[in-house]
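>>> give me a 3D structure for the following:
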Amino acid sequence: MDWKLLTKADYVTTSWSGGTTTQLAIAPEGAVYADRDFLWRLSSATVELDHSDFTPLPDYNRFLSVLEGEIQLKIDTDEPVPVSPGKVVAFDGGVPVESWGQCVDFNLMVRKGKAQGAVNVLSGDCETSWLPEPGDLAVYCAAGAVRLPDWDLEAEAGQTLLCRGFAGGPVKLVCQAGLVMLASVREA
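Here you go, the predicted structure:
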């Protein structure tokens, strides 16, 4: 159970019709998003269109949050809901999804029937303990800095701390003027 610091040099950025998507991490290692054979994928997208339709991903559940900006998100036949920094929306990747507004978002995609995921948000200055279930963990620092004192690790804005195969137990976090995304995935 080792933590690894990922930086922009470790990420894969691709363009799409409405902006760019940066893959922060994927499992298993070496999986390719376009092949749709991954267990989970963590990414951040820049949405530059005022209106966009999400790519259908029927084999995946999705967790989405906004890091910068605000969007209106219409999931399937539901009324559009505002999504601003700090709010996490979970939805079935196979239903039609539309968004209005420009933003930078954070996505966790988890393969249905094979794994379960969760995303939590920390903001500002804080010191807390996170109690994730055993599995894969990611701590993405969107702004400020975050420290894991028990492992003597720190991430700054744009960096990710990734732990594959976390055995369980508390993870102490110290945030400094930060916006930090906590993602956890456990196999079903």
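>>> for the residue lying farthest from the centre of the chain, which three-state class applies?
For the chain, the largest distance from the centre (C-alpha atoms, centre = their mean) belongs to Thr77, which lies 24.4 Å off. Local secondary structure at Thr77 is given as coil here, using DSSP: H, G, I helix; E, B strand; the rest coil.
>>> can you tell me how far it is from Tyr60?
With the distance defined as C-beta to C-beta, to the nearest Å, Thr77 ends up 20 Å from Tyr60. Heads up, the C-betas are built off the backbone N, CA and C, glycines and all.
>>> what does Thr14 give?
17 Å.
>>> give me the more crowded residue out of those two.
Shown here are Thr14 and Tyr60; by other C-beta atoms under 10 Å, Tyr60 has more neighbours (22 against 12).
>>> partner residues bridging Phe63?
Residues in a beta bridge with Phe63, per DSSP bridges, are Ala90, Leu108.
>>> actually Lys172, not the one I wrote
In this entry, Lys172 is beta-bridged to Ser129, by DSSP bridges.
>>> equivalent analysis for Val139, please.
In beta-bridge terms (that is, DSSP bridges), Val139 pairs with Leu161, Leu182.
>>> number the residues from 55 up from this point.
With the count now opening at 55, the last piece we talked about shows up as Val193.
>>> wait, it sits on Val200?
Yes - the pair Val193 / Val200 is scored as a contact, 6.0 Å apart, by C-beta atoms under 8 Å.
>>> report the rounded mean pLDDT for whatever helix or strand Leu78 lives in.
Assigned by DSSP states H and E, Leu78 falls within strand 73-81. Mean pLDDT, computed over strand 73-81, is 96.
>>> buried ones in it?
Buried residues in strand 73-81, defined by neighbour count with 16 or more other C-beta atoms under 10 Å: Gly73, Thr75, Thr76, Gln77, Leu78, Ala79, Ile80, Ala81.
>>> how near is the closest residue to Pro188 other than its chain neighbours to Ser183?
In this structure, Pro188 finds its nearest non-sequential neighbour in Gly222, 4.3 Å apart by C-beta to C-beta, 6 or more residues apart in numbering. Distance of Gly222 to Ser183, given as C-beta to C-beta: 13 Å.
>>> now do Asn174
Asn174 is 12 Å from Ser183, by C-beta to C-beta.
>>> who has more neighbours, those two?
Neighbour count, other C-beta under 10 Å: between Asn174 and Ser183, Asn174 has more, with 15 against 10.
>>> send the alpha carbons of the helix or strand hosting Gln170 over as PDB?
Under the criterion of DSSP H and E, Gln170 resides in strand 169-184. Extracted as PDB, the C-alpha positions of strand 169-184 are listed here (Å, rounded to 0.1, in the frame of the first residue of the first chain):
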ATOM      1  CA  ALA A 169     -16.900  -1.600  -8.400                       C
ATOM      2  CA  GLN A 170     -18.500   1.100  -6.300                       C
ATOM      3  CA  GLY A 171     -17.200   4.600  -5.900                       C
ATOM      4  CA  ALA A 172     -17.700   7.800  -3.900                       C
ATOM      5  CA  VAL A 173     -16.500  11.400  -4.200                       C
ATOM      6  CA  ASN A 174     -16.200  13.900  -1.300                       C
ATOM      7  CA  VAL A 175     -15.100  17.500  -1.300                       C
ATOM      8  CA  LEU A 176     -13.000  19.400   1.200                       C
ATOM      9  CA  SER A 177     -12.600  23.200   1.000                       C
ATOM     10  CA  GLY A 178     -10.800  26.000   2.800                       C
ATOM     11  CA  ASP A 179      -8.500  25.300   5.700                       C
ATOM     12  CA  CYS A 180      -9.300  22.100   7.500                       C
ATOM     13  CA  GLU A 181      -7.800  19.200   9.400                       C
ATOM     14  CA  THR A 182      -9.900  16.000   9.200                       C
ATOM     15  CA  SER A 183      -9.800  12.200   9.000                       C
ATOM     16  CA  TRP A 184     -11.300  10.400   6.000                       C
END
